[in-house]
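[1] quick one: sequence plus predicted model below, questions after.
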Amino acid sequence: MTEEEWVECDDPKPMLEIQSGATLERKVILYLCAGVRSLWMSLYDRRSRDAIAVLERAVDGLASPQDYRDAWYFAESPTFGYDFAPFFIREYRDDESEAESVRRLLDMGVYTEEDIASAVDENEFIGNVRVRDRLQNLAHVVYHAFHCITREGCVDEHLIDHLSRQDGWPRGSLVREIFGNPFRPKPLDLSRITPTVETLAQAAYDDRTVPSGELYKDRLAVLSDALEDAGCTDADILTHLRSPSPHVRGCWALDLLLGKS
Ligand SMILES: [Zn+2]
């Protein structure tokens, strides 16, 4: 892939395949969290939603090993598809911890009370096949986010397959937002990171819209001004922080200022 192709590319697959580096795991996890947050309403199971929150804390060292293990363990449950199986729905729909996802799938219109009542084969999943695949695939993405890097140190191929199959998954712009241009690695000039820049950068990172996960553009614009005032002349960084496209945690320019990449 050339730099020209990178800038124009709209397919995440080849863009993820060329990634490497010491912070690859952090970047991939935040990339996945941002992508999943853009499809938040499709996370029908609370355990998938909880897992995203734990992953986001974990990349900053703010999740305990136990929280991380629990979230990983529970994130697998929605991938089994039991919430679409009549035997499970009938057995557990009054169970406090299981009821929410069934209720949510009913609210989303994925299946109806009549579908549940009239299902003859207890083991045959109910609900629109296409919708079900989309929902289950997204649950897989959340689960695989816990082991997104292979032993060889690249992005897991199986995970990339799930992303390629996911309806509505963000295209190339989210990869560019998180990973930055690999053809222009940025040296970090610490003298530009004044206390003001540091405080503004941290606030821009912490304060965000949920569940979309988008950072506030006005905060990033103010940060860009402060950075320029501090003597930074790097047009790529200054322009990126002022760009109107969505910014999320893991934003390459913000991570650079926070010393996270
Ligand atoms: Zn950004």
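    Nice, I can see it.
[2] can you name the residue of the stretch 101-250 of the chain nearest to the ion?
    The minimum distance from the stretch 101-250 of the chain to the ion, using CB to the ion, falls at His247 (3.6 Å). Placement of C-beta: from N, CA and C, glycine included.
[3] in contact with Leu32, which residues?
    Under the criterion of CB atoms under 8 Å, 6 or more residues apart in numbering, the contact list for Leu32 reads 55, 141-142, 145, 148, 159.
[4] and the closest residue to the ion within the chain, how many neighbours does it have?
    For the chain, the residue closest to the ion is Cys251, as judged by CB to the ion, at 3.1 Å. When neighbours are defined as other CB atoms under 10 Å, Cys251 has 25 of them.
[5] so what pLDDT did the residue nearest to it when sequence neighbours are not counted get?
    Nearest residue to Cys251, sequence neighbours excluded (CB to CB, 6 or more residues apart in numbering): Glu177, at 5.9 Å. Glu177 carries a pLDDT score of 98 in this model.
[6] just checking, next helix/strand downstream of the helix or strand harbouring Glu177?
    Using DSSP states H and E, Glu177 maps to helix 172-179. As assigned by DSSP H and E, the chain's next helix or strand after helix 172-179 is helix 195-206.
[7] please save the CA atoms from that next one in PDB.
    Taking Å, rounded to 0.1, in the frame of the first residue of the first chain, the C-alpha atoms of helix 195-206 are listed here in PDB:
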ATOM      1  CA  PRO A 195       1.200  22.100  31.300                       C
ATOM      2  CA  THR A 196      -1.700  23.800  29.600                       C
ATOM      3  CA  VAL A 197      -1.500  21.500  26.500                       C
ATOM      4  CA  GLU A 198      -1.300  18.500  28.800                       C
ATOM      5  CA  THR A 199      -4.400  19.600  30.900                       C
ATOM      6  CA  LEU A 200      -6.400  20.400  27.800                       C
ATOM      7  CA  ALA A 201      -5.400  17.100  26.100                       C
ATOM      8  CA  GLN A 202      -6.400  15.000  29.200                       C
ATOM      9  CA  ALA A 203      -9.700  16.800  29.400                       C
ATOM     10  CA  ALA A 204     -10.400  16.300  25.700                       C
ATOM     11  CA  TYR A 205      -9.700  12.600  26.200                       C
ATOM     12  CA  ASP A 206     -11.800  12.100  29.400                       C
END
